[in-house]
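Undergrad: Give me the fold of what follows.
(one chain, ligands or ions: 1)
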Amino acid sequence: MSITENSLILVLHVTLVLPLEGILLQNQDCTQCIAPLEHQVALLQQRLETLEQIANQQPVAFSAELSTSLAHPSAGMSIVFDKVQFNSGNFYNNKTGTFYCPTSGVYYFSLELSSSAHPQSGHSLHAKIMKNGSPISITILDSDSHLSYLRRTSSVTTQLAQGDVISVLINFVVGDITVTGGGPLSTFSGFLVQRIQ
Ligand SMILES: *[C@@H]1O[C@H](CO)[C@@H](O)[C@H](O)[C@H]1NC(C)=O
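TA: Numbering: from 1, shown residues only. Next comes the predicted model:
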C-alpha cells in the first residue's frame with residue numbers, strides 16, 4: 001500500500017469513522033450531523049480525483065539517435081538526433097533537435113556521442129546540453145588517436161519550468177572528426193523525474 005493510500009485511509013478514519021462512532025455511542029439524533037459528514041466526503045472525493053489524475057498522467061520521456069553520421073561538424077552547430085526511439089507525449093522535436101518542457105519539474109538528460117576509429121592524431125569535439133541557450137552539461141570526445149570506437153556520455157539532473165527548451169550544441173571542434181550515427185551510437189535522451197506543482 002502506498003503512502004498516499006495509507007494517508008487517505010487515516011483521513012477517512014479521522015473525518016468519518018470517529019465522528020460516526022461518537023454519534024452512535026451517544027445515541028444522538030443524526031440528522032444534524034449528516035451535512036458536515038457529506039461535506040467531508042465531497043472534499044475527500046475531490047482529493048482522490050486529484051491524486052488519480054496525477055497518477056494517470058502520461059510519462060514525459062524521449063530518446064533519439066543520429067540516423068546517419070555527422071561528418072565535418074563545426075562549432076556552433078546544433079546536433080539534431082533525427083531518429084526517434086521513444087517519444088512519450090511528443091515533446092522532443094526530431095526536426096529541430098529540441099525538447100520542449102511541458103510541465104515544471106525535475107528532469108534528467110543524457111547525451112552519448114560516438115566517434116569511429118581515427119588513426120591520425122589531434123582531433124576532438126565538445127558538445128553541450130543547453131537549457132534555454134545556456135550549457136548545463138558537456139560531452140567531451142577528445143583523443144589523440146584511437147583504433148576503435150570512442151564513446152562518451154554526459155548526463156545532468158535539472159529543474160525546468162514549463163516552456164524551457166533543451167538542445168544539444170557543438171561548441172568546440174579540432175581536426176576532422178565524425179560523430180557516428182546509423183545505430184544507437186550517438187543518442188540524446190531525457191525524462192521527467194518528478195512534477196513540481
Ligand atoms: C520524427 O518525428 C515525427 C513526428 O513525431 C515522426 O512521425 C517520425 O517518424 C520521426 N522520424 C524518425 C526518423 O524518427
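
Undergrad: Now do the longest helix seen in the chain, average pLDDT.
TA: Longest helix in the chain by number of residues, with DSSP state H as the criterion: helix 31-56. Confidence for helix 31-56, expressed as mean pLDDT, is 85.

Undergrad: Could you check how far it is from the centre of its chain?
TA: Per Cα atoms, centre = their mean, to the nearest Å, the displacement of helix 31-56 from the mean C-alpha position of its chain is 32 Å.

Undergrad: and the next element down the chain from it?
TA: Past helix 31-56, heading to the C-terminal end, the next element that is a helix or strand (DSSP states H and E) is strand 61-65.

Undergrad: tell me which residues of the longest helix of the chain are tucked away?
TA: Residues of helix 31-56 classed as buried under the neighbour-count rule (16 or more other Cβ atoms under 10 Å) are residue 40. Where you see a C-beta, it was placed from the backbone N, CA and C, and this is true even at glycine.

Undergrad: And the helices in this protein, which stretches?
TA: Taking DSSP H as the criterion, the chain carries its helices at 3-12, 18-26, 31-56.

Undergrad: What parts of the chain come near the ligand?
TA: By the rule Cβ under 6 Å from any ligand atom, the part of the chain lying against the ligand is 82, 83, 84, 90, 94.

Undergrad: With pLDDT and distance to residue 115 as extra columns, can I get those in a markdown table?
TA: Converted to a markdown table, those look like this (pLDDT from 0 to 100; distance: Cβ to Cβ, whole Å):
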| residue | pLDDT | distance to residue 115 |
| --- | --- | --- |
| 82 | 97 | 18 |
| 83 | 98 | 18 |
| 84 | 98 | 23 |
| 90 | 96 | 30 |
| 94 | 97 | 22 |
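
Undergrad: Tell me the one of these nearest residue 16?
TA: Ranked by distance to residue 16 (Cβ to Cβ), the residues of the chain next to the ligand are led by residue 90 at 42.6 Å.

Undergrad: So what's the residue count around the closest one?
TA: 12 (other Cβ atoms under 10 Å).

Undergrad: show me what contacts it?
TA: When contacts are counted by Cβ atoms under 8 Å, 6 or more residues apart in numbering, residue 90 is found next to no other residue.

Undergrad: and it, backbone torsions?
TA: phi 60, psi 40 (degrees, to the nearest 10).

Undergrad: how far away is it from residue 173?
TA: 31 Å (Cβ to Cβ, to the nearest Å).
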